[in-house]
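In: need a structure here:
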Amino acid sequence: MTAIFGWLLFVVLATLLGGATGQVTMESHEQGTGQSARAEQLLTEAGIDDPDQETVLVSGGAHAAGSPEMRRAVAAVRANVQATGKITELRPDVTSKDGRHVMVQFTVPEVADDAPDPLPAIQDAVAKAERDNPSVEMGQFGGATADAWFDEVFGSDFQRAEVTALPLALGILLVAFGALVAAVLPVMLAFTAFLAAGGLLAVTSHALHVDDTTNSVMLLMGLAVGVDYCLFYLQREREERRKGRDRGTALAIAAATSGRSVLVSGLTVMVAMSGMFLSGLLLFKGFAVATILVVLIAMLGSVTVLPALLSLLGDKVEFARIPFRGRTRRQGRRAAEDRAGVVGTLLKPVLARPGIAAVLAAGLLLALAAPALGMKTEQLRIDQQIPPGEEIAQTYTKLNEAFPGTPDPAVVVVKARDINAPEVTAAIDELKRRAVASKEMNEPIEVTVHGKENLAEIEIPLAGTGSDATSTHALETLRERIVPQTVGQVGEAPVSGDLAWSTDYNAQLRTSIVPVFLFVMGITFLLMLVFFRSLLIAASAIALNLLSVGAAYGVMVAVFQHGWGDNLVGTTGAGALESWIPLFVFVVLFGLSMDYHVFVVSRIREAYDRGLDTTRAVREGILATAGPVTSAAIIMIATFGIFGTLTMQAFKQLGVGLAVAVLIDATIVRVVLLPAIMTLLGRANWYLPRWLGWLPRISHGEETVPDPIQPPPAPQPLIPQN
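Out: Predicted structure coming up:
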């Protein structure tokens, strides 16, 4: 009871503490790096609000810009939005080069939090102008429009994800355990771990700011590992009860075996997550803190309060059983093998012909990974993130076609001692002249001078689509040649904008990805070496995880970059992966895959230490863990799959990538490749050089637990022995 009340007190106090302190989110300049982040920082430090710029695109179709129909429509837009009293800085009209489109631009000023949102009135005004001029088409796009769309989608999507994830996990566990109480325990522990971690994250966010999406990532990770750890522990306790052991002995064996595996797995996940601190990006540091907190709390809960609850409940853990499900106390090894089902069927040919199985499985994974060789990452544009059927995406595309670079211009932020000095004004004018003369930048170039703060913002539309090679080269020209030769001579002049932000972000990721990869793999190798006292087990863990990650990358590139089968996940290929996805997926998968690896190999080592040869030990270990690994994998796939159903392209990529990787890891890797390789290696699996003999010995079996019954005799082998 002490452990139970202590856990509840901890969760309540952590949640209350987090609610009292509040969570601090990242400033805009903290989300990026390089010049783009510096430009945002200058504006933030100067206290300059960045009001939303809105654009109404009036397209005449068969009517030219100077036709009566177009003039009347444009005039209606200007008059209607002006009449709302919600806008400022209604700028002169801009006509496209083909003379078929007119752009009406204005500013939507900041409003107090308790003031009504001005956007609906503006949208109604534009809609009225369109109704009164049916011969033309109108579309609205801008910061306010985009923010409103994202806020609505984020809110509805994540609410649906959170509402769906818990019942889904509960349903899967209900089928796996066959009893309501047994199914509820892991879900409740995982959810309370998430609540406690959320409270502690709010406290730590005052020192290390976090992104708005961090809580959703923490929920995803908390459910995945929290349910898994409880599942492994609970399954082992039930297995021992099936063998006829009393409740106390079964709990002791579960603590000595699965409990130890949970601790090692949790430590490995946390160490892998800490690799994100090496990214140099605050977003990943926030993800690292959040996932480490929730994994640590879930791990501690599964080895403290869960055993206490099982001891308290006793046989009541079987309460509210599903009809037609067998009882926990079914006896014998054959019952366990029957439950292995498909896994047992697949395992026979794998162990009979391990060489062929290893080659086929490795070949399949390499084939899946092949598309990853052409991986392209970038900060996805609005029209890439949003489903193409959405009106806001269609307007963005039309606007960019009619006025290239206008929706996402480059922004030069100039800071000088006196922004109104003649030499500064002359430098800005020269910047504008050279930008247009380069043929790589378009008009209109907008200049906003903040005299009191001695800052100027210069918006320069780039040629191209905003993310293609043409736009990238234009940004390079602006940064490396035009800016240094003009405004760069009179003050600090970093260049920001969506493309600049993406370029800087990708550059930082390219710099940090090797250290992150080496750190995660190196620490994982050392942990596996210490836990299993085997060079080959540690090395194979790294190799198998890399194959899983590579295959997941390949599937993500095929679906979301090349568009192969993209309609199956309800999207359209974006032509690239979101910048932060590959690194995050690597770290998460490398950590989570150790759940299965540690759990499965521990059972194999346990059987080997009892005197079984390698082939029989592999067979017993795989069959014994087939049930919990399958259940855990289904929960992870379902949880990650929920994110694959969200609207935003980035979350679809994250959800599909993680779900596919877990599916691959729990099937091809754990059922085929791992047993095949371990069977081929035989006794060499457990080789440890003499110079590493100082490593601590960690028991993997249950020999320290008094056993009141004799184990059943080992079955005769069905396949040749190694």
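In: can you map out the helices along the stretch 601-722 of the chain?
Out: Secondary structure of the stretch 601-722 of the chain, counting by DSSP state H, counting those that start in this stretch: helices at 614-644, 649-664, 674-681.
In: which one of those helices has the lowest average pLDDT?
Out: Mean pLDDT across the helices of the stretch 601-722 of the chain is lowest at helix 614-644; the value there is a mean of 85.
In: From the contact counts, what lies against that one?
Out: Secondary-structure packing of helix 614-644 (3 or more Cβ pairs under 8 Å, 6 or more residues apart in numbering; DSSP states H and E): helix 143-177, helix 214-242, helix 333-340, helix 342-352, helix 581-609, helix 649-664, helix 674-681. All C-beta spots, glycine's among them, are computed from the backbone N, C-alpha and C.
In: between it and helix 674-681, how many degrees?
Out: 150 degrees (axes from the mean of the first three to the mean of the last three Cα atoms, to 10 degrees).
In: For Val412, give me phi and psi.
Out: With angles defined as degrees, to the nearest 10, Val412 sits at phi -100, psi 120.
In: How is the nearest residue to it once chain neighbours are set aside assigned, secondary-structure-wise?
Out: Nearest non-adjacent residue to Val412, counting by Cβ to Cβ, 6 or more residues apart in numbering: Ile458, 4.3 Å away. What DSSP: H, G, I helix; E, B strand; the rest coil gives for Ile458 is strand.
In: give me the number of residues near Ile458?
Out: 23 (other Cβ atoms under 10 Å).
In: next one: Val262
Out: 28.
In: Are we agreed that it is in a helix?
Out: Yes - per three-state DSSP, Val262 lies within a helix segment.
In: List the single closest residue to it in space, sequence neighbours excluded.
Out: Tyr229 (4.7 Å).
In: wait, isn't Asp383 in contact with Thr397?
Out: Yes - with contacts counted by Cβ atoms under 8 Å, Asp383 reaches Thr397, the gap being 5.1 Å.
In: residue ranges for the strands of this protein, please.
Out: Along the chain, counting by DSSP state E, strands occupy 52-59, 94-95, 101-108, 137-142, 377-378, 410-415, 446-450, 455-460, 495-496, 577-578.
In: Which other helices and strands does the fourth one contact?
Out: Contact analysis of strand 137-142 by 3+ Cβ pairs under 8 Å, 6+ apart lists strand 52-59, helix 119-132, helix 391-402 as its packing neighbours.
In: Now mean neighbour count too, for those, in TSV please.
Out: Listed next are those as TSV, based on neighbours: other Cβ atoms under 10 Å:
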stretch	mean neighbour count
strand 52-59	23
helix 119-132	17
helix 391-402	19
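In: what about the residue lying closest to Leu219 once chain neighbours are set aside, distance to Ala298?
Out: The shortest distance from Leu219 to any non-neighbouring residue, by Cβ to Cβ, 6+ apart, is to Phe194 (5.6 Å). Using Cβ to Cβ, to the nearest Å, we find Phe194 at a distance of 8 Å from Ala298.
In: overlap in contacts of the two?
Out: By the contact definition Cβ atoms under 8 Å, 6 or more residues apart in numbering, Phe194 and Ala298 are jointly contacted by 222, 226.
In: higher neighbour count, these two?
Out: Legend: neighbour count by other Cβ under 10 Å for Phe194 and Ala298, higher for Ala298 (31 against 25).
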